[in-house]
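**Student:** A structural model of the following input is requested.
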Amino acid sequence: MRCSARVTREQARWAHSLTRSLHTHQRQHQYHSHHPSSSSRVAWSVATGVAAAATYTIMSQTVASCEAEPARQPSSSSSSSTSSSPSHSSSLASCHAALNSLLGDRFSLDASDLASHGADAYSYHKGGSSAGEGENARMPSAVVFPLTTEEVSEIVKICAKHRVNMIPYGSGTSLEGHTTAPSGGVCIDLSRMCSIKRLNASDLDVVVEAGMSWNNLNAELSEHGLFYPVDPGPGASIGGMIGTSCSGTNAVRYGTMKQNVINLTVVLPDGSIVHTGQRARKSSAGYDLTRLFIGSEGTLGIVTEATLRLQPLPESIAVATCSFDSLRSASEAVQEIMQKGVRINCVELLDDGCMRAVNAYAGLNYPEKAATLFFKFSGSKATVNDEVDATATITAKHGAGPFTFATDAQARDKIWEARKGALWACIAYRDGAEAWTTDVCVPISHLADCIQATKQDLLELPAKLTPVGEPPVSFPTAVVGHVGDGNFHVMMMMDPSNPRELHLAQQVNERMVRRAISMEGTCTGEHGVGVGKKKYLREELGTEAIQLMRTIKRAIDPYNLMNPGKVFDMDDEENVQRGKTLIITDRNNSK
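**Tutor:** Predicted coordinates for the structure are as follows:
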């Protein structure tokens, strides 16, 4: 569809900035307290009301003035083929009417709902193919809030009937534009599907709905002496974690979502419901459908339930920290720790920029050296003591400063506070700025080189990109790494309204991603592809792999209705096929 309403860049940026600020306030508030005061609840209600009123005019103009576009038909070469079927606007209205009849007040056209679901709180990919296109972003035409798998199935059947796009939504914490609606559509918010369906404590597994957050899940599991080990950013939902195949700090010991999901319940693009497996811990029966959907980012179906592997709460936990004068020394220490088989839960690296932000934010006094490592250990008391001693010996060998560790809960929390609050510290470090966070993952042997080259870019690119006669721009940055598996993040505290700062951030991101790929790494270790990384996917995997993904997508979702425009594009396939035909022709002619 095309929209005739003319919304100025300033209006769009202002409306999005206000909504984004409210997201930030809400997430920070949830992070710091599970029991908000009455005054903070009132403040949040007032702020939400202001946002709704402020964005209503802009949103109503945009949604109301959409022009007709022919409905799409399936095609073997492109998702953009059309026919002379009834106009999409009338079909959309019919879709909305059917959804309203099904859901009642759980169907929303409210401007604030559309705005808050049109962009993730910390993403700079607002609906276009790259960052900085927020003013051109399309928000969903409606938001729905199902309560059961069966309701999701009915919603999907209605949308499929009217050829309306569907965008699954969990908690809005993703970073690469996964929940944006670049082509419009209905946002299916699963946040109200947030219960434990069945706990099988003796089998160490649990069946949960997709809208449950891992934090809340672990709060309930702790009463049974159990926990779920995958720990991404606070508030992430299980469905979103499955969609992006995320991990977190514990991945070095427990693995990613791929290793910690047993089976799924998925609603396919035609509304049918599929169960991908039983509860057995292993199976060689048929295709591995569970792993097909993990990491598919909502492009093949909507996950509504998952059976997850659990772990027993350990007898003893210890955390430790030490600092290094060079990134390479820290990286080499981590390599030796891994090679010696020391069982660590996690090992996190924070660079000097991150430690400055953390110290300023939390009033701490950690050394602001080139690299600071934070470790976590768990197991029996004897095992933990042995692993701590081994780690202290290895880090000292590589030139670490004092090795500080703690086993009692209060002291552990004090040490871990620096790592736990790193994101919030970076966001708060520069007034008026926002943090663009990106990630890559490389073999551990290349980690130091990749981080060091990226930091060198941050030092040199401002001058290289500065027009003659103008002062260079720069912004504070921070590196945070899950270095036990070669994954690291760069956070750039930039002013998104400054085009030169935005361009600098884009260049740093692009060079970092391409460098990781050249080192046999990946464009994303745990954030997912979304819209932000899809242009790098072909460079990483090759054309044939993308073609195979398209074949799978077309077989399951022939109308390209499920979260279209994410992971890869369907609309350039015709050109790819034409290129392959020319290659084949050339080969035949050369014989």
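
**Student:** Toward the C-terminus, what is the element adjacent to the helix or strand containing L373?
**Tutor:** Using DSSP states H and E, L373 falls within strand 371-379. Heading C-terminal from strand 371-379, the first helix or strand you meet, by DSSP H and E, is helix 381-397.

**Student:** Contacts made by that next one with the rest, please.
**Tutor:** Helix 381-397 is contacted from outside by 315-318, 320, 322, 333, 336-337, 340, 342-344, 373, 375, 377-379, 403, 405, 407, using CB atoms under 8 Å, 6 or more residues apart in numbering. Using the backbone N, CA and C atoms, a C-beta is placed for each residue, glycine as well.

**Student:** Of those residues, select the buried ones using a ChimeraX command.
**Tutor:** The following ChimeraX line selects those of those that are buried, judged by 16 or more other CB atoms under 10 Å:
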select :317,318,320,322,333,336,337,342,344,373,375,377,378,379,403,405,407
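
**Student:** out of the contacts of helix 381-397, which are inside helices?
**Tutor:** 333, 336-337 (DSSP state H).

**Student:** Now render these as TSV, adding pLDDT and distance to R192.
**Tutor:** Output for the ones in helices among the contacts of helix 381-397, formatted as TSV (pLDDT from 0 to 100; distance: CB to CB, whole Å):
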residue	pLDDT	distance to R192
A333	97	46
E336	97	48
I337	97	43
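
**Student:** Tell me the one of the residues you listed nearest A357?
**Tutor:** Among those, A333 lies closest to A357 (CB to CB), at 23.3 Å.

**Student:** Report the spatially nearest residue to that closest one, omitting neighbours in sequence.
**Tutor:** H398 (3.9 Å; CB to CB, 6 or more residues apart in numbering).

**Student:** Can you verify my assumption that that neighbour contacts L327?
**Tutor:** No: using CB atoms under 8 Å, H398 makes no contact with L327, being 11.5 Å away.

**Student:** More neighbours: these two, which one.
**Tutor:** L327 (24 against 19; other CB atoms under 10 Å).

**Student:** surely the more buried one meets I451?
**Tutor:** Yes: L327 lies in contact with I451 (CB under 8 Å); the separation is 5.5 Å.

**Student:** what sits in contact with each of the two?
**Tutor:** By CB under 8 Å, 6+ apart, the residues touching both L327 and I451 are D351.

**Student:** where are the low-confidence patches of the stretch 451-591 of the chain?
**Tutor:** The model of the stretch 451-591 of the chain has pLDDT under 70 over residues 572-591.

**Student:** and if we set it to 50?
**Tutor:** 573-591 (pLDDT under 50).

**Student:** which residues of it fall in helices?
**Tutor:** Remark: helices assigned in the stretch 451-591 of the chain by DSSP state H, counting those that start in this stretch are 499-518, 534-541, 543-556, 573-589.

**Student:** of all these, which lies closest to S284?
**Tutor:** helix 543-556 (21.1 Å).

**Student:** coming back round to it: mind giving me the packing neighbours of the strand holding L373?
**Tutor:** strand 316-324, helix 327-339, strand 346-351, helix 381-397, helix 409-420 (3 or more CB pairs under 8 Å, 6 or more residues apart in numbering; DSSP states H and E).

**Student:** Could you single out the most deeply buried of those?
**Tutor:** Stretch with highest mean neighbour count among these: strand 346-351 (a mean of 25; mean count of other CB atoms under 10 Å).

**Student:** from the middle of its chain, how far away would that one be?
**Tutor:** 19 Å (CA atoms, centre = their mean, to the nearest Å).
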